[in-house]
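A.B. asks: Kindly return the folded structure for what I paste below:
(chains A, B, C and D)
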2 protein chains.
Amino acid sequence: MNSFEMFSASALSAWLDQASDAAPHPPNDHLADLQNDAAEALMAHSFLRHCAPGQAVLVEGEPAEFVGLVISGVLKVCRSLADDRQQIVGLLFAGSFFGRAFETVAHFSVEAASEAEIRCIRRRDFEVLLERHPDLQQHMLSIVLDELQAARDWMVLLGCQETLERVACFFALLLQRGEGGSDRVTFPIGRRDIAGYLGTTVETLSRQVQLLSREGVIEILDGKSFRILDPVRLISLSGT
Amino acid sequence: MNSFEMFSASALSAWLDQASDAAPHPPNDHLADLQNDAAEALMAHSFLRHCAPGQAVLVEGEPAEFVGLVISGVLKVCRSLADDRQQIVGLLFAGSFFGRAFETVAHFSVEAASEAEIRCIRRRDFEVLLERHPDLQQHMLSIVLDELQAARDWMVLLGCQETLERVACFFALLLQRGEGGSDRVTFPIGRRDIAGYLGTTVETLSRQVQLLSREGVIEILDGKSFRILDPVRLISLSGT
DNA sequence: CGCGCTATTGAACATGTTCAACGAAGGTGG
DNA sequence: CCACCTTCGTTGAACATGTTCAATAGCGCG
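C.D. replies: Predicted structure coming up:
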């Protein structure tokens, strides 16, 4: 219903759970759970790859050879404009799918925003698999629908929220992903990328974080880690 | 490759063309072209509906009974925040599909932004059809992927373009849809909705339109219609 | 005609950006 | 191990951009 849900189902993993229950899937399960033909074929055609921060996986405008899954770390989906403005249109956490079937030329770049491990599948192989397995296709549809919703939620944030609200949203987002305890939050990526994602600058971001701290909403532990002192107020500040 | 393409393939219509050629489909063909079982079933379960400007088709937070196709006119997909800020996350022109399979509660509102005609299908019926017809599913996947791309393109616009660029983009968008001659453009909806879409206010929008006119890029014919005097400059102003 | 709605315009104001300076952390080579 | 350098994050002050509020004009409609 709001931007906190944006990474909820961006995982091919869900399909790989053959369990037909409708329970939500944790974001961290991945290909290791495979159980059927298609999944095995997927694994067979895939390979693991390690990415250093800043390394490009797909480059906008260049041939798109791969699709894949994030195993660990964070990738960013972004577009760069003529001057060096850059907008990040999505963050990919562990379990997220990236790339697009039937797209020969990448429309957006995908880069590691931190140390990351990904499992790559040749796009062609993936397309063949997709055509052979209607249920995989159905799951892709569901994943992409969720991503569309997430993208639109983020459009709302970019289009009509002020920066304090955006920063609060980002904290709430991380808090909801809930790694590192129920009141702890750690920035998995640098300020530049966060700012890019929030549609603002590092300076403004820094000011708003300090503001949240002065207001007693968060406590700054080491510039990368925070304790959420007042979650209720945080949510309320995030607007909706 | 840029935001002008955002409405390119948002049409279920494409599927209904049984022609297997890969040629792009004009945005205005629609259900009337149906030729097979599924399409007939779709038609059988659908009904036509006329909407006055401002009339709601789906309301965010309420049960989502329908999906459908826009026959004529323009609808807006939007979310409203607590104070009466409203962000429009998508515009639906003739040929566009709206609504989402398997979504019981609407995540966004869909409202007529002008006089409009739509063809509605009960969501349940559509879901059944979807499960029975893998090729329909494939087409839905392709439609949704295009919409995701469009949404992300618009995120770039909202996140790091200034308002003059956004307005130029909007003109370029209308120009590319090319209704009413190759150098004529008509706003199909009011200033309020355009501003909502561009993430700005009616006042700023008005100023930038007047600016484009003073600069000789466009000529204002009657406040709703314009002549594009300098398309090249317009594109350049739109930034990428 | 007068009412309501939409669009335009001006001026004060708020918000966020830019530019510049600074301090802290981490890596490299002597 | 230290000096050096680069990168990252923070902070301040001037500046630019867009918003808000208020007033006005144009248009369609009863």
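A.B. asks: Just give the closest residue to A:Arg192, not the sequence neighbours.
C.D. replies: A:Val202 (5.8 Å; Cβ to Cβ, 6 or more residues apart in numbering or on different chains). Any C-beta I mention is one placed from the backbone N, CA and C, and that applies to glycine too.
A.B. asks: Likewise for A:Glu165?
C.D. replies: Closest residue to A:Glu165 apart from its sequence neighbours, by Cβ to Cβ, 6+ apart: A:Gly239 at 4.3 Å.
A.B. asks: and what of A:Ala64?
C.D. replies: For A:Ala64, the spatially nearest residue (Cβ to Cβ, 6+ apart) is A:Ala106, at 4.1 Å.
A.B. asks: How much space separates the one you found from A:Gln55?
C.D. replies: Distance of A:Ala106 to A:Gln55, given as Cβ to Cβ, to the nearest Å: 15 Å.
A.B. asks: how about the residue nearest to A:Ala64, what does it touch?
C.D. replies: A:58-64 (Cβ atoms under 8 Å, 6 or more residues apart in numbering or on different chains).
A.B. asks: And it, how close does it get to A:Gln210?
C.D. replies: In this view, A:Ala106 and A:Gln210 are 37 Å apart by Cβ to Cβ.
A.B. asks: coming back round to it: my guess is the residue nearest to A:Glu165 meets B:Leu81, correct?
C.D. replies: Yes - counting by Cβ atoms under 8 Å, B:Leu81 is a contact partner of A:Gly239 at 6.3 Å.
A.B. asks: So between the two, which is more surrounded?
C.D. replies: A direct count of neighbours by other Cβ atoms under 10 Å in any protein chain shown for A:Gly239 and B:Leu81 places A:Gly239 higher, at 21 against 14.
A.B. asks: and that one, what does it touch?
C.D. replies: Here A:Gly239 is in contact with A:161, A:165, A:168-169, B:81-82 (Cβ under 8 Å, 6+ apart).
A.B. asks: Low-confidence ranges, chain A, go.
C.D. replies: Scanning chain A for pLDDT under 70 picks out A:1-38, A:180.
A.B. asks: again, only using 50
C.D. replies: Scanning chain A for pLDDT under 50 picks out A:1-10, A:17-35.
A.B. asks: Please report phi then psi for the most centrally placed residue in chain A.
C.D. replies: Central residue of chain A (Cα atoms, centre = their mean): A:Leu92, 2.5 Å from the mean position. Per-residue torsions, A:Leu92: phi -110, psi 120 (degrees, to the nearest 10).
A.B. asks: Quick check: beta-bridge partners of it?
C.D. replies: A:Leu75 (DSSP bridges).
A.B. asks: What residues does chain A have near DNA strand D?
C.D. replies: A:190-192, A:202-203, A:205-207, A:209-210, A:220, A:223 (Cβ under 7 Å from any atom of the strand).
A.B. asks: how about 6 Å then?
C.D. replies: Residues of chain A lying close to DNA strand D (Cβ under 6 Å from any atom of the strand) are A:190-192, A:202-203, A:206-207, A:209-210, A:223.
A.B. asks: Most neighbours out of these, which is it?
C.D. replies: Comparing those by number of neighbours (other Cβ under 10 Å), A:Val209 comes first, having 21 neighbours.
A.B. asks: Could you tell me how far that one is located from DNA strand C?
C.D. replies: Applying Cβ to the nearest atom of the strand, to the nearest Å, the value for A:Val209 to DNA strand C is 13 Å.
A.B. asks: how about the longest helix seen in chain A, does it reach chain B?
C.D. replies: Once chain A is assigned using DSSP state H, the helix that runs over the most residues is helix A:134-160. Yes - on the criterion Cβ under 8 Å from any Cβ of the partner chain, helix A:134-160 is in touch with chain B at A:134, A:137-138, A:140-142, A:144-145, A:147-149, A:151-156, A:158-160.
A.B. asks: Mind checking which of those are buried?
C.D. replies: Listed as buried from the residues of helix A:134-160 next to chain B are A:137-138, A:140-142, A:144-145, A:147-149, A:151-156, A:158-160; burial here means 16 or more other Cβ atoms under 10 Å in any protein chain shown.
A.B. asks: backbone phi and psi for the residue nearest to A:Glu165, please?
C.D. replies: Dihedral angles (degrees, to the nearest 10) for A:Gly239: phi 70, psi 110.
A.B. asks: next one: A:Arg122
C.D. replies: Backbone geometry at A:Arg122, expressed as degrees, to the nearest 10, gives phi -60, psi 130.
A.B. asks: Count the residues that sit near it.
C.D. replies: Neighbours of A:Arg122 (other Cβ under 10 Å): 15.
A.B. asks: Tell me what it is bridged to.
C.D. replies: Bridge pairing for A:Arg122 - DSSP bridges - gives A:Phe66.
A.B. asks: who's in contact with A:Leu91?
C.D. replies: Here A:Leu91 is in contact with A:7, A:74-77, A:113, A:189, A:197 (criterion: Cβ under 8 Å, 6+ apart).
A.B. asks: Which of these sits closest to DNA strand C?
C.D. replies: Nearest to DNA strand C, judged by Cβ to the nearest atom of the strand, of these is A:Tyr197 at 12.3 Å.
A.B. asks: Can you tell me the closest non-neighbouring residue to the closest one?
C.D. replies: Counting by Cβ to Cβ, 6+ apart, A:Tyr197 lies nearest to A:Ile88, which is 4.2 Å off, once chain neighbours are set aside.
A.B. asks: Please, which helix or strand holds the one you found?
C.D. replies: Assigned by DSSP states H and E, A:Ile88 belongs to strand A:86-92.
A.B. asks: next helix or strand past that strand?
C.D. replies: strand A:97-98.
A.B. asks: hmm, that next one in reach of chain B?
C.D. replies: No - counting by Cβ under 8 Å from any Cβ, chain B is not contacted by strand A:97-98; separation bottoms out at 12.0 Å.
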